[in-house]
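Visitor: coords please:
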Amino acid sequence: MDFPSAAIRARATGQRVEVTAERSESSTTWVNPDGSVTTEQFAAPVQFKNDKGEWASFNTDLVEKADGSLAPASVPEGVVLAGEVNGTDAQPAEVASLSGGAADSQIAVTWPDTLGAPRVEGSTATYAKAWPGIDLRVTATRDGFEQSFIIADRTAAEAMARIITIKTEAIIWKTKSDHVGIEIVVDL
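Guide: Sure, this is the predicted structure:
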């Protein structure tokens, strides 16, 4: 809806009306019944255009898919978390993956062992006892996922000796010399 149409409808109904022609990922604009205009601006995206070209609000709450995997209810990229994980050292299984984007690439966190079905709370899946005394937590975000470990005690932390494998296509890994960490560079 454009400004003139929104102004007429707002005046006629006595309620504010959104100017949908002005909507963006991080703002909405409204015409108030008195003819004034209100724009709500957000620091980060709160909505996106879905596959049908319609605006949709982000919803990272995890829902179970038909195959038993988990996915955020409404995000633009292909985030998938495993319902259960059955990996081995020779063939690690994906715990979480993100696919899509301009390069149609994929990145995944894999696990070289078995993990039972996670406990799901909102946008977070917690895989209990990934190692003795250590849980693996994966949280869906608007643009991917984050993973972390919940360590019950110092003994468990000291026993943590495995390495998480990250499987990727079209990404170059570089170490950063000025601090500890890695830099991910998409190779298009």
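Visitor: any idea which residue sits dead centre in this structure?
Guide: residue 141 (2.6 Å; CA atoms, centre = their mean).
Visitor: could you check the distance from the residue nearest to that residue when sequence neighbours are not counted over to residue 19?
Guide: In this structure, residue 141 finds its nearest non-sequential neighbour in residue 60, 6.2 Å apart by CB to CB, 6 or more residues apart in numbering. Placement of C-beta: from N, CA and C, glycine included. To residue 19, residue 60 is 27 Å away according to CB to CB, to the nearest Å.
Visitor: now swap in residue 98 and tell me
Guide: From residue 98 to residue 19 the distance is 33 Å (CB to CB).
Visitor: cool, and residue 30?
Guide: 7 Å.
Visitor: between the two, what contacts are shared?
Guide: 6, 37 (CB atoms under 8 Å, 6 or more residues apart in numbering).
Visitor: The two: which is more packed in?
Guide: residue 19 (21 against 17; other CB atoms under 10 Å).
Visitor: Please tell me how far the more buried one sits from residue 100.
Guide: Applying CB to CB to residue 19 and residue 100 gives a distance of 30 Å.
Visitor: what about the residue nearest to residue 63 when sequence neighbours are not counted, which helix or strand?
Guide: Counting by CB to CB, 6+ apart, residue 63 lies nearest to residue 73, which is 5.2 Å off, once chain neighbours are set aside. Element membership of residue 73, judged by DSSP states H and E, is strand 70-74.
Visitor: Could you list the low-pLDDT ranges of the chain?
Guide: Counting by pLDDT under 70, the chain shows low-confidence ranges at 101-104, 157-188.
Visitor: all helices for it, in order.
Guide: Under the criterion DSSP state H, the chain contains helices at 3-13, 154-159.
Visitor: Same question for the first one: list its buried residues.
Guide: Just to be clear, that refers to helix 3-13. 6, 7, 9, 10 (16 or more other CB atoms under 10 Å).
Visitor: Now for residue 50: which residues touch it?
Guide: 56, 74, 76.
Visitor: Kindly state the beta-bridge partners for the first one.
Guide: So the one you mean is residue 56. Assessed by DSSP bridges, residue 56 has beta-bridge partners residue 48.
Visitor: thinking again about what came up before, and the buried residues of helix 3-13, which is closest to residue 115?
Guide: For those, the closest approach to residue 115 (CB to CB) belongs to residue 6, at 50.6 Å.
Visitor: From what I see, that closest one and residue 31 are in contact.
Guide: Yes - under the criterion of CB atoms under 8 Å, residue 6 makes contact with residue 31 at 4.2 Å.
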